[in-house]
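Trainee: The following comprises the amino acid sequence and a computationally predicted model.
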Amino acid sequence: MAMQKRPFPRQVGTDTAYSLGGFVVAVIRFVLLVTLFSVGLGTLVIGIGFPILVLALYVARRFADIERHWVGAVRGRPSVRPAYRSLEDRSGLKRLLTPLAEAQSWRDFLYGVFAFIPATIAFVLAVTWWVAGVGGTLYFLWGWSLPTDGHTLAYLLGLGSSYRADLILETTIGVLFLLTAPLMSRLLAVTNTAISRSMLTTDWIG
């Protein structure tokens, strides 16, 4: 299926939302999965650890479905969901423990835990680029309210200590960040969706 092309502003908005919203989801996912896994391991000796570990894998699968939806939105086409083992021909304990013997379930779990790292990096960079871009470009609206002790960025770079010099420098930096923010958002989205596709989908080659 060919990727759906979308207007530039919409793509930028989708990429940025993915980096920002993905971090929120990653935090919740990390806390839940680590907590369930730790409790499950700690209670294996008394038997209830196995169903808790199974629950952790099912929670990871639900979060994996959310991520696959996000990836599809960023790429402009649906992500291919892997085929999980059917439970129809299983019963009792074998049915309960099926996820523990399934490789994709553990890939979902590992992604859910370790994807917290790239999600955090993407969030920090996305916020930095957009805040620096918007804040710097609009420096003329708020720069005048800063303390005038003379030690501005322009002064430190040897460009003078006047408000005009500081305004020109800060605005220039802001414009540069603002112009490159869409590119940075796209780079972050492409990088993180590539990680997601490699672990959560079967279309990572295409």
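Mentor: In hand now; what should we look at?
Trainee: for T16, what are its contacts?
Mentor: Taking CB atoms under 8 Å, 6 or more residues apart in numbering, we find T16 in contact with A126, W130, S185. For glycine as for every other residue, the C-beta is placed from the backbone atoms N, C-alpha and C.
Trainee: Regarding the spatially closest residue to the second one that is not a sequence neighbour, which helix or strand does it belong to?
Mentor: By the measure of CB to CB, 6 or more residues apart in numbering, the closest residue to W130 outside its immediate chain neighbours is A181, 5.4 Å from it. Taking DSSP states H and E as the definition, one finds A181 inside helix 163-200.
Trainee: Relative to V175, how far out is W142?
Mentor: Relative to V175, W142 is positioned 16 Å away (criterion: CB to CB, to the nearest Å).
Trainee: and the two? which has more neighbours close in?
Mentor: Shown here are W142 and V175; by other CB atoms under 10 Å, V175 has more neighbours (14 against 9).
Trainee: Off-centre distance for the helix or strand encompassing P9?
Mentor: Taking DSSP H and E as the definition, one finds P9 inside helix 8-42. Helix 8-42 sits 6 Å away from the centroid of its parent chain (CA atoms, centre = their mean, to the nearest Å).
Trainee: in it, what's buried?
Mentor: The neighbour-count check on helix 8-42 (16 or more other CB atoms under 10 Å) flags 11-12, 14-20, 22-23, 25-26, 29-30, 32-33, 36-37, 40 as buried.
Trainee: One more: stretch 197-206?
Mentor: The neighbour-count criterion (16+ other CB under 10 Å) identifies R197, M199, L200, T201, D203 as the buried residues of stretch 197-206.
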